[in-house]
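Enquirer: Would you be able to build a 3D model of this:
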Amino acid sequence: QVQLVESGGGLVQAGGSLRLSCSASGRTFSRYAMGWFRQAPGKEREFVAAISWTGSSKTYAGSMKGRFTISRDNAKNTVYLQMNNLKPEDTAVYYCAAGLTFPSTNSRSYDYWGQGTQVTVSS
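Expert: The predicted model follows:
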């Protein structure tokens, strides 16, 4: 069992930056690939980024590549999402998730989810 708690969301102007964190409970964090997803009002949940168990491999959704960076610190049981040059269309609830499959952009591959953190980007 893995419990995930996101933090770091908030309100930011277009062009600004935020760093999201996702802290995991338990001693098995390093066994899981981690992903970030987001869901905007009225839209389906979409893949943002994923990182392998050791952090050596990463994958991004096309629209986020070059602006977002996923990383993890297994000693701290934490995964991060650094978001730069934010745009109003990045406004969404951001979720972190843990799964045993990498790489996977499919939310069904992830077994554990956090409660989400709101990111709002004003124009």
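
Enquirer: Going by C-alpha atoms from here, please, whenever you check contacts or count neighbours.
Expert: Will do.

Enquirer: what about stretch 59-71, distance to the chain center?
Expert: Here the centre of stretch 59-71 is set off from its chain's centre by 10 Å, with Cα atoms, centre = their mean, to the nearest Å.

Enquirer: Which strand or helix spans the residue nearest to residue 104 when sequence neighbours are not counted?
Expert: Excluding the flanking residues, the one nearest residue 104 by Cα to Cα, 6 or more residues apart in numbering is residue 50, at 7.3 Å. Assessed by DSSP states H and E, residue 50 sits inside strand 46-51.

Enquirer: Rounded mean pLDDT for that strand, please.
Expert: Throughout strand 46-51, pLDDT has a mean value of 98.

Enquirer: Double-check that residue 86 belongs to a helix.
Expert: No - with DSSP: H, G, I helix; E, B strand; the rest coil as the criterion, residue 86 is assigned coil and is not in a helix.

Enquirer: Assign the residue nearest to it when sequence neighbours are not counted to helix, strand or coil.
Expert: Spatial nearest neighbour of residue 86, excluding adjacent residues (Cα to Cα, 6+ apart): residue 15 at 4.9 Å. Here residue 15 is recorded as coil under three-state DSSP.

Enquirer: what's near enough to touch residue 15?
Expert: 84-87 (Cα atoms under 8 Å, 6 or more residues apart in numbering).

Enquirer: hang on, the earlier thing: list the helices and strands the helix or strand just after the strand holding residue 50 packs on?
Expert: Using DSSP H and E, the helix or strand that follows strand 46-51 towards the C-terminus is strand 58-60. In terms of contacts (3 or more Cα pairs under 8 Å, 6 or more residues apart in numbering; DSSP states H and E), strand 58-60 is packed against strand 46-51.

Enquirer: ok, back up a step: ok, the strand holding residue 50: who's next to it in the sheet?
Expert: strand 33-39 (antiparallel), strand 58-60 (antiparallel) (DSSP bridges).

Enquirer: Just the strands from the protein, written as ranges.
Expert: Assigned by DSSP state E, the chain shows strands spanning 4-7, 10-13, 18-24, 33-39, 46-51, 58-60, 68-73, 78-83, 92-99, 110-113, 117-122.
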